[in-house]
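1. Everything below, folded, please.
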Amino acid sequence: MSKKVIVAEDDNDLRESYVRFLKRNFSDVEVEAVPDGEQLVERIRNGGYSVVLTDNQMLKMGGLEAIRRIREFDKTVPIYMLSGIDVKDKALQLGATGYFDKMGLILGIVKEAIMEYLK
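-> Coordinates of the predicted model:
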């Protein structure tokens, strides 16, 4: 089965930046992107993702709520939150695998964190 990553981010430029970064660093991995948590939950419900990267503050449904809903039906998919506000404790409590602060984010650290799930 091929590896798939999904990114949920409402900012178009940032979403495309994440997608480009992932495709450049994981050329054999399929990358999908959605603009909100509602679409993220629906895609995860259909299964097949190796890693999830999500923003917190998005229209329709935020990342914290998306994590809560995803964990109701999928306890194992790795979920990493990337947020500009400090919701690390809440994200981890809801079942996130990890948390990255967007302010000063170093994408190389994200790469190292998700690499094990994309081998």
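
2. ranges for the strands of this structure?
-> Under the criterion DSSP state E, strands of the chain are mapped to 4-8, 30-34, 51-54, 79-83, 98-101.

3. what's the closest of those to residue 117?
-> The stretch from those with the least distance to residue 117 (CB to CB) is strand 51-54; that distance is 4.8 Å. Heads up, the C-betas are built off the backbone N, CA and C, glycines and all.

4. So which elements touch that closest one?
-> In terms of contacts (3 or more CB pairs under 8 Å, 6 or more residues apart in numbering; DSSP states H and E), strand 51-54 is packed against strand 4-8, helix 37-45, helix 63-73, strand 79-83, helix 107-115.

5. quick check: longest helix of this structure.
-> Among all segments of the chain classified by DSSP state H, the helix with the greatest residue count is helix 12-25.

6. Can you list the buried residues in it?
-> Taking 16 or more other CB atoms under 10 Å as the neighbour-count basis, helix 12-25 is seen to contain the buried residues 15, 18-19, 21-22.

7. Then stretch 107-119?
-> Judged by neighbour count (16+ other CB under 10 Å), stretch 107-119 contains these buried residues: 110, 113-114, 117-118.

8. now residue 36, nearest residue through space, not along the chain?
-> Counting by CB to CB, 6 or more residues apart in numbering, residue 36 lies nearest to residue 60, which is 4.2 Å off, once chain neighbours are set aside.

9. again with residue 2
-> Distances taken as CB to CB, 6+ apart place residue 30 nearest to residue 2, at 5.8 Å, with adjacent residues excluded.

10. quick one: contacts for that neighbour?
-> With contacts defined as CB atoms under 8 Å, 6 or more residues apart in numbering, the neighbours of residue 30 are 2-5.

11. how about 10 Å then?
-> With CB atoms under 10 Å, 6 or more residues apart in numbering as the criterion, the residues that contact residue 30 are 2-6, 22-23, 48-50.

12. low pLDDT regions in the chain?
-> Scanning the chain for pLDDT under 70 picks out the ranges 1, 106.
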